[in-house]
Each structure stands twice: as structure tokens, then as C-alpha cells.
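Engineer: Provided below for reference: sequence and predicted model.
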Amino acid sequence: EDKVVQSPLSLVVHEGDTVTLNCSYEVTNFRSLLWYKQEKKAPTFLFMLTSSGIEKKSGRLSSILDKKELFSILNITATQTGDSAIYLCAVEAFMIKAAGNKLTFGGGTRVLVKP
Amino acid sequence: GAGVSQSPSNKVTEKGKDVELRCDPISGHTALYWYRQRLGQGLEFLIYFQGNSAPDKSGLPSDRFSAERTGESVSTLTIQRTQQEDSAVYLCASSWGQGASYEQYFGPGTRLTVT
């Protein structure tokens, strides 16, 4: 069974701090890894990673994938209160039987940024 | 343009009753996904449609759950004989094609509470 584990479960930081979120996975037929930010109900897409060692960056957020050690990290630098959210990691795997792809989500990391 | 919409936004039902949740995807999106998110947890994949067909139904938690899609548009998720453990937010997402290389656009979700 495909598995995606995120750590820590939650963390509290102050504005300006840097946070590092972890996502490890065990899936068959890996295709890609995705990060989402969830503030209310609907998650919003952040990054999609397919290749090891290539950092993706968007403003203060960056992410990298290690396909050998089967994990990814999401970094947020100079955090702001607006970064407070649940950050979800999802791994896309190819389903041979269904001839399609499926996303398996981790449990998320709840980040609270205090002023 | 209009995003993914879901209805109702909130539903409170008594244990044992049937409920029907609706998802209107973005027009033209061929792929449609249903997820469940229990309180404090990550997203759990339920089922996806490519067009009107669902190649993989193995994510549905039990035979009380069923889903259909008509006209490559609206989808309904039906839960029969609801149980308290069914209480969760049910999220729908749609994309231009199947697979993570096509960004999934999430709806606002339906919060289901079974009393």
C-alpha cells in the first residue's frame, strides 16, 4: 500500500523564522511529488517535483526531492503570519490496473506563524 | 471563469440516512476526483473519473459509497446508511487531463456531519 508521511505534525514559529517541512514516501510506480497549502477547505498547488536534486523556488518557498532516499522538503524563509496553514504533500503513482495515476496525500503539517 | 463548485457546503444528517454530494467541475475538465478529509488529517483519495468512467474504485471506503458522473460534467457522491465515521469534509477536484502534470483545481468542499 502506498504511504506518505509528513513531519512534524505541527509547529509554531515567529515571523521571520525559517521552517523546514518533511515528506517521506513509499509508493510503487512513482511519478511525481506535489506540495499544497491548505488554509480553509480547498488546497492550493505549490510545487510539483519529478527529478531529484533540482530545487524549485517560488518567492520565499522552495522545495527539493530526493528520489534515492524517498523524501522531499519544503522550506519557507522569512515566515509571515499569512504562511499559517496546513501544508500537504502528495505523491503521484501510476496505477497499472486502472491505467491511470493516483495521488496519495500525507497527513499534513500544521504551521502557525505568530507575529 | 467559474471554478469547481460543490453543494451543499454543509450537511448535517442523522445516522442511517442517505446523502448525496454534488460536484460541478470546471467546464472542459475531463478528469474529476473525490477526496475525503477527516478532522486534522490529510486528504484521502476516494475515486477519480476520466470522462464518465471510473477506472479505479478501490479508494471507496465501503460499499455504502458510490459515485457517478454524467455528460463529462457533474458528479455525485452518494453515501448510503451514513455512519458517524463518515463525518468529514468531502473535496472534489477537476483537471484538464488525468495525472499530476495537469493541475487539480479543488472545490470548496462539503462538510458532512453525521449525528
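Structural biologist: Looks like it arrived, so ask away.

Engineer: Which strand or helix spans the spatially most central residue of chain B?
Structural biologist: When chain B is reduced to its mean C-alpha position, the nearest residue by Cα atoms, centre = their mean turns out to be B:W34, at 3.3 Å. Under the criterion DSSP states H and E, the helix or strand holding B:W34 is strand B:31-37.

Engineer: Alpha carbons only: can I get that strand in CSV?
Structural biologist: Once side chains and other backbone atoms are set aside, the C-alpha atoms of strand B:31-37 remain, and they are given as CSV (Å, rounded to 0.1, in the frame of the first residue of the first chain):
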residue,chain,number,x,y,z
ALA,B,31,-10.8,14.4,-15.1
LEU,B,32,-12.6,14.6,-11.8
TYR,B,33,-11.5,13.5,-8.3
TRP,B,34,-13.2,12.9,-5.0
TYR,B,35,-11.3,13.1,-1.7
ARG,B,36,-12.2,12.9,2.0
GLN,B,37,-10.6,14.8,4.8
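
Engineer: what residues does that strand touch?
Structural biologist: With contact meaning Cβ atoms under 8 Å, 6 or more residues apart in numbering or on different chains, strand B:31-37 is reached by A:103, A:105, B:23, B:25, B:43-50, B:61, B:67, B:69, B:75, B:77, B:88-99, B:102, B:104, B:109. For the C-beta atoms, the positions are set from N, CA and C on the backbone; glycine is no exception.

Engineer: Return a PyMOL selection command for the buried portion of the residues you listed.
Structural biologist: Typed into PyMOL, the next command selects the buried ones out of the contacts of strand B:31-37 (criterion: 16 or more other Cβ atoms under 10 Å in any protein chain shown):
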select buried, (chain A and resi 103+105) or (chain B and resi 23+25+43+44+45+46+47+48+49+50+67+69+75+77+88+89+90+91+92+93+94+95+98+99+104+109)
